[in-house]
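Visitor: structural data only, the sequence is not supplied:
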């Protein structure tokens, strides 16, 4: 008989309910039509929902992840590589290392720019140049909704199921206006906290 596998399972409650409701004047409805109004506002509403989900996602990453001390490395490329390796080499009862194509690296704009400045100094290879969106085989993203300079995690380390109610428009009682509404509910939870690491990668200048 083989070894018994254990699966504790994870329950993620859709405990956060959000609503976006805009009041649209009847004159605008007559000019653009209700379908045109919904199409126009849907773009901004979608971006607002993305902002909400992003902030919840990275707040969870920083709350449940583990900080890695990168102070012994001098350059940003060394620090980033060390952070990647800290996740890549994770070994425990559930993980035996993580391939780099399963990792993602998220940097603040300042850290992303500094890493890109380093990459810009590299000679262009014959097959088409160097792209900061990949660093040593790991996808790299610039993100202004995190407070830690660099976060490296396995893809899927944080679960964030979302239920969106389809767009609707309805007449506001005792008004000549129309309400354009978007409702969504979500939950955010780290399901592989041991595969979320973060650290400081920009060297602080010491004043004389």
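Guide: Perfect, thanks for sending it. Not measured: the values here are computed from a predicted model.
Visitor: from here on, just use CA atoms for contacts and neighbour counts.
Guide: Will do.
Visitor: so residue 96 touches residue 88, yeah?
Guide: No. Assessed by C-alpha atoms under 8 Å, residue 96 is found out of contact with residue 88, at 9.1 Å.
Visitor: neighbour count: those two, which is higher?
Guide: residue 88 (21 against 11; other C-alpha atoms under 10 Å).
Visitor: how near is that one to residue 65?
Guide: In this view, residue 88 and residue 65 are 14 Å apart by C-alpha to C-alpha, to the nearest Å.
Visitor: swap in residue 118?
Guide: Distance of residue 118 to residue 65, given as C-alpha to C-alpha: 27 Å.
Visitor: those two - which one has more neighbours?
Guide: Each of residue 118 and residue 65 has its neighbours counted (other C-alpha under 10 Å); residue 65 has more, 22 against 13.
Visitor: residue contacts, that one?
Guide: 193-198 (C-alpha atoms under 8 Å, 6 or more residues apart in numbering).
Visitor: cross those residues against helices and list the overlap.
Guide: Members of the contacts of residue 65 lying in helices (criterion: DSSP state H): none.
Visitor: out of those, which sit inside strands?
Guide: Members of the contacts of residue 65 lying in strands (criterion: DSSP state E): 196-198.
Visitor: thought residue 68 was touching residue 194?
Guide: No. Judged on C-alpha under 8 Å, residue 68 makes no contact with residue 194 at a distance of 11.9 Å.
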